[in-house]
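# I'll drop the sequence and a predicted model, then ask my questions.
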Protein chains: 2
Amino acid sequence: MIVFINDRLVDEKEAFIGISDLSVQRGFGIFDFFRTCNHVPLFLDDYLDRFYNSATQLRLEPPHSRADLRKIIFEMIDRNKIATSGFKLILTGGYSVDGFEPGKPNLIITQQPIEISPEERFEKGIKIILHEYLRDLASVKSINYMMAIYLRDKLVSKQADDVLYYKDDEVFEFPRSNVFVVTKHGAVVTPAENVLHGITRKKVLEIAGKKFMAEARMVTTEDLKDAAEVFLTSTTKRLLPVLQIDDVIVGDGKPGAITRALYNSFRKLEDEYCQRPFSPLS
Amino acid sequence: MIVFINDRLVDEKEAFIGISDLSVQRGFGIFDFFRTCNHVPLFLDDYLDRFYNSATQLRLEPPHSRADLRKIIFEMIDRNKIATSGFKLILTGGYSVDGFEPGKPNLIITQQPIEISPEERFEKGIKIILHEYLRDLASVKSINYMMAIYLRDKLVSKQADDVLYYKDDEVFEFPRSNVFVVTKHGAVVTPAENVLHGITRKKVLEIAGKKFMAEARMVTTEDLKDAAEVFLTSTTKRLLPVLQIDDVIVGDGKPGAITRALYNSFRKLEDEYCQRPFSPLS
């Protein structure tokens, strides 16, 4: 696979970074992740918006313009030839003289084959656990996933698929996905503050607004317990019904009707997008 | 300078790590940092204890035994020939297949010339600001310094030297130093929980216990306001008097007598240690 580092495309086997980079030294950097379908980068502009926004928030200056990034992505799609892939853009704190002060950011772009959550996974749903935690600078897509990786053992021991962060009775997000709650009155809600603004979250909120009451607002652990349906959204998982939270079954323990309707609408939106030819310009 | 990566010594110009390393991908890794004086690694065993403890807590298995690490450090001291230096040991989450699951950890050891805080710096003291924050897994010396680096601009705008973390009226630590408070009754106290266990902190606590009332316990923001003296401890800064906190002068705005006594005792301890010949064995 061809990857891009700062100013050139190289084979992934030759893709290295100096050890004084601030990601290695201090875990300091931001990234973004989008996928391709049919060689088309799905909702690319939304992801690039977020990438540049994260960079701005951590005061990291990307070495390339948005137009140049589009061209690089186009070239990688053209050369790597993976129809369904995950693209990762990492922007680090750069080479640091003293291991603390940021330098000129290093940009890494990788493309890898990925599997998108299949239909059966939707039907099966997932079991989750709660964990009290609030991510630092949650609206920034930083590379800081220490807690998420630390919690892997807890997931295994609880035989759970994912962990939902909450704090002081307020529900936030999964380490790599957003959460939605469908209330008993059929309203579709997702936490507004202190979460990463997922692109799938955004699309689902738009879709939901056309058919249901839908809003981003504070979601409490009480809302979660009272929910008729709960689901997560992510780039690789689309929508997945949450059927169990700790020891409590959600609703009737099956994917709910509203979750399913949103899933189908989202799939349709995806399919339409993936038929559009992708141009490096636009 | 010669650095060590996994199993070999290389020139720092050739010191690279693959981009799939989990430090780059997810900011996941631990490290430790000690210094040499007169080519002797100061308090090495204490630092190695902490290094292995951090690794255990994040379930990272170091590729080398303690005895081997001592030999590598000895060889680097011998070849790099820097009398006063900082040694950094970084142990990352290793090369990850999917950018999330840890692999076999990568070990990086670097040695660089450093300046140790001079006498004048002690006399001048420092000005600090408070910031509400509690580090994740605070007793682990992880590479996660996002908040510390993010707060650099705030330090500049407030013309402060460092930032002290507190949360819910409990005082914890600086991003890279520990805090001590000398009460109006002459007791020397430092926060016990939710802090990194600094080696200088440990030594100062031992020294203090011989001459004064000294203990590690909860320190409140009230304790801080009421303090007769406040100082920080760190490997490169030794002890530094804190003379101003936000807009409030501490004590009479000069280094306090107890801080000075501890500083002198610590310097003496250092000097004694630095005269001992360092052997790779033992």
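That came in fine, so what should we check first? Numbering: from 1, shown residues only, chains lettered A, B, ... in the order given.

# Quick check: residue A:265 vs chain B, distance?
With the distance defined as C-beta to the nearest C-beta, to the nearest Å, residue A:265 ends up 29 Å from chain B. No exception for glycine: its C-beta is placed from N, CA and C like everyone else's.

# Test my guess that that residue contacts residue A:207.
Yes: because the distance of 4.6 Å satisfies C-beta atoms under 8 Å, residue A:265 is recorded as touching residue A:207.

# neighbour count winner among the two?
The residue with the greater number of neighbours, taking residue A:265 and residue A:207 and applying other C-beta atoms under 10 Å in any protein chain shown, is residue A:207; the counts read 21 against 18.

# is it true that that one touches residue A:262?
Yes: counting by C-beta under 8 Å, residue A:207 sits close enough to residue A:262 to count as a contact (5.9 Å).

# what is in contact with the two at once?
None of the residues lies in contact with both residue A:207 and residue A:262 under the rule C-beta atoms under 8 Å, 6 or more residues apart in numbering or on different chains.

# The single longest helix found in chain A - contacts with which helices or strands?
Of all the segments of type helix in chain A, defined by DSSP state H, the longest one is helix A:257-275. Using 3 or more C-beta pairs under 8 Å, 6 or more residues apart in numbering or on different chains; DSSP states H and E as the contact definition, the elements that helix A:257-275 packs against are strand A:29-37, strand A:40-41, strand A:178-182, helix A:199-211, strand A:229-234, strand A:238-245.

# same thing but 7 Å
Here helix A:257-275 touches helix A:199-211, strand A:229-234, strand A:238-245, going by 3 or more C-beta pairs under 7 Å, 6 or more residues apart in numbering or on different chains; DSSP states H and E.

# Just say which of the ones you listed is most tucked in.
When these are scored by mean count of other C-beta atoms under 10 Å in any protein chain shown, the highest mean neighbour count falls to strand A:229-234 (a mean of 26).

# Between strand A:29-37 and it, find me the angle.
Relative orientation of strand A:229-234 and strand A:29-37, computed by axes from the mean of the first three to the mean of the last three C-alpha atoms, to 10 degrees: 100 degrees.

# Please list the residues outside strand A:229-234 that contact it.
Under the criterion C-beta atoms under 7 Å, 6 or more residues apart in numbering or on different chains, residues A:162, A:174, A:176-182, A:198, A:200-201, A:204, A:224, A:239-242, A:245, A:250-251, A:256, A:258-259 lie in contact with strand A:229-234.

# 6 Å instead, please
Contacts made with strand A:229-234 from outside it, assessed by C-beta atoms under 6 Å, 6 or more residues apart in numbering or on different chains, are listed as A:174, A:177-182, A:198, A:200-201, A:204, A:239-242, A:250-251, A:256, A:258-259.

# go on, stretch A:137-146?
Outside of stretch A:137-146, the residues within contact range by C-beta under 6 Å, 6+ apart are A:27, A:29-32, A:54, A:57, A:194-196, B:26-28, B:136, B:142, B:144, B:146.

# so of these, which ones are in helices?
Counted as lying in helices by DSSP H, out of those, are A:54, A:57, B:26, B:146.

# of the helices and strands packed on helix A:257-275, which approaches residue A:84 most closely?
Using C-beta to C-beta as the criterion, the shortest distance between residue A:84 and the helices and strands packed on helix A:257-275 is 12.9 Å, found for strand A:238-245.

# Give me the sheet partners of the closest one and which way each runs.
strand A:126-132 (parallel), strand A:229-234 (antiparallel), strand A:248-249 (antiparallel) (DSSP bridges).

# And the closest residue to residue A:216 other than its chain neighbours, how close does it get to chain B?
Nearest-residue entry for residue A:216: residue A:192, 3.9 Å, with adjacent residues in sequence omitted and distances by C-beta to C-beta, 6 or more residues apart in numbering or on different chains. With distances taken as C-beta to the nearest C-beta, residue A:192 is found 22 Å from chain B.

# swap in residue A:258?
Residue A:258 is 30 Å from chain B, where distance means C-beta to the nearest C-beta.

# Not counting sequence-adjacent ones, nearest residue to that residue?
With C-beta to C-beta, 6+ apart, the residue lying closest to residue A:258 is residue A:182, at 4.8 Å.

# tilt between the one helix or strand residue A:49 maps to and helix A:257-275?
Here residue A:49 sits within helix A:44-57, counting by DSSP states H and E. Going by the same axes, to 10 degrees, helix A:44-57 is angled at 100 degrees with respect to helix A:257-275.

# near chain B at all, helix A:44-57?
No: with C-beta under 6 Å from any C-beta of the partner chain as the measure, helix A:44-57 is seen stopping short of chain B, the closest distance being 8.5 Å.

# what does stretch A:148-156 give?
Yes: judged by C-beta under 6 Å from any C-beta, stretch A:148-156 comes into contact with chain B at residue A:149.

# Show me what the mean pLDDT comes to for that stretch.
Averaged over stretch A:148-156, pLDDT sits at 97.

# How about the secondary structure of residue A:121?
helix (DSSP: H, G, I helix; E, B strand; the rest coil).

# Against residue B:160, how distant is it?
In this structure, residue A:121 and residue B:160 are separated by 51 Å, where distance is defined by C-beta to C-beta, to the nearest Å.

# Around the closest residue in space to residue A:57 that isn't next to it in sequence, how many other residues sit close by?
If the residues on either side of it in the chain are set aside, residue A:57 comes closest to residue A:140, at 4.7 Å by C-beta to C-beta, 6+ apart. The tally of other residues near residue A:140 (other C-beta under 10 Å) stands at 20.

# which ones are touching the residue lying closest to residue A:22 once chain neighbours are set aside?
Counting by C-beta to C-beta, 6+ apart, residue A:22 lies nearest to residue A:93, which is 2.7 Å off, once chain neighbours are set aside. By C-beta under 6 Å, 6+ apart, the residues touching residue A:93 are A:22, A:28, A:29, A:102.

# what's the nearest residue to the residue of chain A found nearest chain B if we skip its chain neighbours?
For chain A, the residue closest to chain B is residue A:27, as judged by C-beta to the nearest C-beta, at 2.8 Å. Of all residues beyond its chain neighbours, the one nearest residue A:27 is residue B:27 (2.8 Å), with distances taken as C-beta to C-beta, 6+ apart.

# So the residue nearest to residue A:276 when sequence neighbours are not counted versus residue A:189, what's the distance?
Distances taken as C-beta to C-beta, 6+ apart place residue A:40 nearest to residue A:276, at 6.3 Å, with adjacent residues excluded. As judged by C-beta to C-beta, residue A:40 and residue A:189 stand 31 Å apart.

# ok, these two, which is more surrounded?
When neighbours are counted by other C-beta under 10 Å, residue A:189 comes out ahead of the other of residue A:40 and residue A:189, with 21 against 18.

# Phi, psi for that one please.
Backbone torsions for residue A:189, taken as degrees, to the nearest 10, come to phi -130, psi 150.

# what pairs with it across the strands?
residue A:181, residue A:215.

# still on that earlier bit, kindly reformat the helices and strands packed on helix A:257-275 as TSV containing mean pLDDT.
Listed next are the helices and strands packed on helix A:257-275 as TSV, based on pLDDT from 0 to 100:
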stretch	mean pLDDT
helix A:199-211	98
strand A:229-234	98
strand A:238-245	98
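
# Distance to residue B:62 for these - can I get that in CSV?
Conversion of the helices and strands packed on helix A:257-275 to CSV gives the following (distance: least, C-beta to C-beta, whole Å):
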stretch, distance to residue B:62
helix A:199-211, 39
strand A:229-234, 33
strand A:238-245, 37
